[in-house]
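In: okay, structure incoming, though there's no sequence with it:
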């Protein structure tokens, strides 16, 4: 049981929040209730909240502490507002369903702002965000932090350039996620320069230490990582930059999925990709292909990687599905032979 007294109430009022959520394991003193009521703060009792979920999380940082000053600073408030705006964009573009997705930003060497759990990204307010350290310990904020922060922490811990992390479930990327397949490279310049190769991490239970472990080795060289059977996680040098990586990646996947249904194929040549990588290197962005020569950059045809040995020489349809197994597809001659055989058998049976 945690006692929420006048001192804590006074600190909460200074944060400017308009609502305080508490549960059966937090007892408000009469004096604390009077202070919150006089300040116009709405009290919400959550009877279903599990004690174990917040036992280590204080309702709000102590008023005079360095953490409180940081959490309540104008600079951090501006970042909270930006996160809420990006969350609204994510929801408007249907990159998340229900309360899916999460956003975070680094505000100090071991301090991060993170979105709350159980809230639609389209309807967040700055008061709902919390502050945590790299271990996920909640240091400030009255709403419980996202259960997937430790996946973000794996990126922050391994990638000093990562200032913000954005995770959501855009459906076009999701199509590749359920296939455990990365989108082919060398098709659109914007992805090559601003995102790079998209990595794929094998499926692990969302929010678990195992999923964080699959992200750790990939983050330093990949700003967009498909999480197997789950979604997409991106990092950037600002909140908007991390979101841009997601928007660019999903647009790319959507274009590829549409293009693979059209006969024919084209791709960026190796020399052209080298020029794009040179531009990217000057921008200080990471890429796992900087040391490759033009011939090595185009060893694999992107459409063969996407559609199998026939590339996109014919449309991909339910009757002609994409596959990476060249032996699983019959040639046109084999198909005609099979059709002729079936026709002959039908005609023979009719003559009996």
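Out: All right, it came through fine. What you are looking at is a predicted structure, and each value in this text was computed from that prediction instead of being measured.

In: residue 122 contacts residue 95, correct?
Out: No - here residue 122 lies out of contact with residue 95, judged by Cβ atoms under 8 Å, at a distance of 10.1 Å. Every residue, glycine included, has its C-beta placed from N, CA and C.

In: hang on, isn't residue 233 packed against residue 215?
Out: Yes - counting by Cβ under 8 Å, residue 233 touches residue 215, with 6.8 Å between them.

In: could you list the domains of this protein?
Out: 2-61, 69-259, 270-326 (automatic domain parsing).

In: how about those domains in CSV, adding mean pLDDT?
Out: Conversion of the domains of the chain to CSV gives the following (pLDDT from 0 to 100):
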stretch, mean pLDDT
domain 2-61, 70
domain 69-259, 96
domain 270-326, 78
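
In: in a markdown table: the ones you listed, plus mean neighbour count and distance to residue 335.
Out: A markdown table is the format used below for those (neighbours: other Cβ atoms under 10 Å; distance: least, Cβ to Cβ, whole Å):
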| stretch | mean neighbour count | distance to residue 335 |
| --- | --- | --- |
| domain 2-61 | 16 | 58 |
| domain 69-259 | 20 | 24 |
| domain 270-326 | 14 | 10 |
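
In: of all the ones you listed, which one is nearest residue 337?
Out: Taking Cβ to Cβ, domain 270-326 is the member of the domains of the chain nearest to residue 337, at 16.9 Å.

In: now do the closest residue to residue 129 other than its chain neighbours against residue 259, distance only.
Out: Distances taken as Cβ to Cβ, 6 or more residues apart in numbering put residue 80 closest to residue 129, at 5.0 Å, once the chain neighbours are dropped. In this view, residue 80 and residue 259 are 39 Å apart by Cβ to Cβ, to the nearest Å.

In: over to residue 178?
Out: Taking Cβ to Cβ, one finds residue 178 at 19 Å from residue 259.

In: now swap in residue 180 and tell me
Out: From residue 180 to residue 259 the distance is 21 Å (Cβ to Cβ).

In: what of residue 238?
Out: According to Cβ to Cβ, residue 238 stands 31 Å off from residue 259.

In: what helix or strand is residue 272 on?
Out: Assigned by DSSP states H and E, residue 272 falls within helix 270-282.

In: next one: the helix or strand following that helix to chain centre, how far?
Out: As assigned by DSSP H and E, the chain's next helix or strand after helix 270-282 is helix 294-297. Centroid separation between helix 294-297 and its chain, computed with Cα atoms, centre = their mean, to the nearest Å, is 30 Å.

In: list the helices and strands helix 294-297 packs on?
Out: Counting contacts by 3 or more Cβ pairs under 8 Å, 6 or more residues apart in numbering; DSSP states H and E, helix 294-297 packs against helix 270-282.
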